[in-house]
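1. Need a 3D model of the following:
(one chain, ligands or ions: 1)
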Amino acid sequence: MSEARKIVILPGDGIGPEIIAEGEKVLQLVNDKHNLGLSTQTCIFGGAAYDEHGTPLPESTLNACREADAILLGAIGGPKYDTAPRDLRPERGLLGLRAELKLFANLRPALLYPELADASSLKHELVAGLDLMILRELTGGIYFGQPRGIEERGGERVGFNTMVYSESEIRQIAVRAFEIARQRGSRLCSVDKANVLEVSELWREIVIDVHKDYQDVELSHMYVDNAAMQLVRAPKQFDVMVTSNIFGDILSDAAAMLTGSIGMLPSASLDDAGKGMYEPIHGSAPDIAGQGIANPLATILSVAMMLRYTLNEPEAASSIEDAVASVITQGYRCPDIATGDSGEKQVTTVQMGEAVVAALQSGASS
Ligand code: NAD
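-> Sure, this is the predicted structure:
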């Protein structure tokens with residue numbers, strides 16, 4: 001590897017620094033083990049940055065992120081910042097970073113280890129072994145479309161928004177979706193509402209056109225209302241789903257909750273060159289911060305996603321995913337995924353990180 005690839009690490013607030021410390025241990029280990037040539041730089045971000053610099057996204061952090069190949073984020077926010085000026089709150093820093101880096105593709109896997117299936121609100125057999133990926137368009141659609149507003153019409157107020165996608169926006173997310181499907185089970189389901197919405201009609205037409213370059217991937221289409229139903233009826237039928245901003249917002253939350261374990265789920269937001277920001281889907285969990293009991297596995301799995309989707313190191317990614325599966329099988333549980341079964345070993349954040357490191361070192365997972 002000629003030039004070191006740069007990873008910027010943003011621990012953030014609350015449990016952020018605790019879970020990131022474990023993610024970093026895993027990253028360093030696979031870096032050494034697989035000779036990945038990665039260098040890391042830790043930057044201040046979120047509430048911590050507001051406390052120290054008066055802004056959640058200091059220029060130095062933004063510049064480091066711009067230059068990085070990938071970013072690993074813990075979590076930001078907390079009640080302490082609820083009274084801060086709105087545009088200086090930690091969440092604004094996060095939105096600003098996503099916008100600055102043009103992270104248009106949001107990947108949310110919903111993965112449920114068979115041993116944790118009882119955490120789901122669905123029947124064990126419906127979700128055990130669930131492994132689906134939702135790809136949500138993140139920077140377009142009805143959340144950004146113009147015109148929008150509330151105005152007086154015919155003597156009463158009306159509210160309106162515009163769901164709009166250009167051909168190039170659809171093409172961009174569709175290409176990414178086919179690429180991701182190729183790295184998984186090669187099945188892609190595009191979710192739209194083409195029976196009612198013209199914007200969806202165009203969406204479907206472009207997805208079909210992009211498919212010509214990805215004939216090895218099986219493409220299907222589903223209306224969003226049916227997709228919502230199928231997600232709770234038979235979620236294991238899906239491999240990768242791609243959809244617009246608003247449909248993805250709703251479906252990805254539903255899919256995440258199928259797994260019932262917020263401390264286990266990673267995510268990624270990618271730009272058009274594949275650069276990405278990787279983070280657990282959960283927040284800074286102020287209620288348990290400082291207690292050493294936060295589950296670091298969502299962060300560790302975010303490291304695996306980073307290796308797979310930005311750094312193109314699938315073998316290293318799989319070794320981490322296998323190590324996580326192995327510690328779950330061995331019965332290691334942070335309190336959020338503990339059920340009280342006799343075979344379980346209740347562990348702290350650090351002990352869980354160490355268990356993953358041990359599984360990686362033992363080679364059983366490589
Ligand atoms: P949260 O995800 O922080 O916590 C919800 C519940 O899940 C809490 O009971 C928490 O203890 C638990 N939990 C979360 N992560 C866990 C983990 N790794 N291990 C064990 N338990 C875990 O959501 P919230 O309480 O609504 O938000 C807290 C703060 O986080 C808010 O300031 C919010 O704005 C912020 N937030 C940040 C992000 C982010 O950084 N991307 C995302 C969501 C919320």
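2. What ranges in the stretch 251-366 of the chain fall below the confidence cut-off?
-> Counting by pLDDT under 70, the stretch 251-366 of the chain contains low-confidence ranges at 364-366.
3. What parts of it come near the ligand?
-> The stretch 251-366 of the chain comes close to the ligand at residues 262-263, 279, 282-288, 294-295, 298, 336, as judged by CB under 6 Å from any ligand atom. C-betas here are computed from N, CA, C, even on glycine.
4. go with 5 Å
-> Residues of the stretch 251-366 of the chain lying close to the ligand (CB under 5 Å from any ligand atom) are 262, 263, 282, 283, 284, 285, 287, 288, 294, 295, 336.
5. burial measure for the fifth one, as a count.
-> Other residues within reach of residue 284 by the criterion other CB atoms under 10 Å amount to 25.
6. pLDDT score assigned to the nearest residue to it once chain neighbours are set aside?
-> Leaving aside its sequence neighbours, residue 284 sits nearest to residue 14 (CB to CB, 6 or more residues apart in numbering; 2.8 Å). Per-residue pLDDT puts residue 14 at 98.
7. can you check residue 1 too?
-> 47.
8. what does the one 5 residues further on give?
-> At residue 6 the predicted local distance difference test score is 97.
9. Neighbours of the closest residue to residue 102 other than its chain neighbours, how many?
-> Spatial nearest neighbour of residue 102, excluding adjacent residues (CB to CB, 6+ apart): residue 271 at 4.9 Å. Look at residue 271: counted by other CB under 10 Å, it has 18 neighbours.
10. mind listing what whichever residue of the stretch 1-150 of the chain sits closest to the ligand touches?
-> The ligand sits closest to residue 77 of the stretch 1-150 of the chain, with a gap of 2.6 Å, by CB to the nearest ligand atom. By CB atoms under 8 Å, 6 or more residues apart in numbering, the residues touching residue 77 are 12, 13, 14, 46, 47, 89, 90, 91, 283, 284.
11. Let me see the ranges of the strands in the protein.
-> For the chain, the strands defined by DSSP state E cover 5-12, 38-42, 70-75, 105-111, 131-137, 149-153, 156-160, 187-192, 218-223, 240-243, 266-270, 276-280, 332-333, 345-346.
12. and the third one with strand 266-270, angle?
-> The one in question is strand 70-75. Interaxial angle, strand 70-75 versus strand 266-270 (axes from the mean of the first three to the mean of the last three CA atoms, to 10 degrees): 130 degrees.
13. So which bits of the stretch 51-200 of the chain are right by the ligand?
-> 75, 76, 77.
14. Helices of the stretch 201-350 of the chain, residue ranges please.
-> Secondary structure of the stretch 201-350 of the chain by DSSP state H, counting those that start in this stretch: the helices cover 224-233, 245-259, 297-309, 314-329, 349-362.
15. Would you mind listing the buried residues in the second one?
-> Taking 16 or more other CB atoms under 10 Å as the basis for neighbour counts, the residues of helix 245-259 that come out buried are 245, 246, 247, 248, 249, 251, 252, 255, 256, 257, 258, 259.
16. any idea how far the residue nearest to the third one when sequence neighbours are not counted lies from residue 281?
-> Of all residues beyond its chain neighbours, the one nearest residue 247 is residue 224 (4.7 Å), with distances taken as CB to CB, 6+ apart. Between residue 224 and residue 281 the computed distance is 21 Å (CB to CB, to the nearest Å).
17. go on, residue 204?
-> In terms of CB to CB, residue 204 sits 28 Å off from residue 281.
18. Among the two, which residue is more densely surrounded?
-> Neighbours of residue 204 and residue 281, each counted by other CB under 10 Å, are more numerous for residue 281; the result is 19 against 15.
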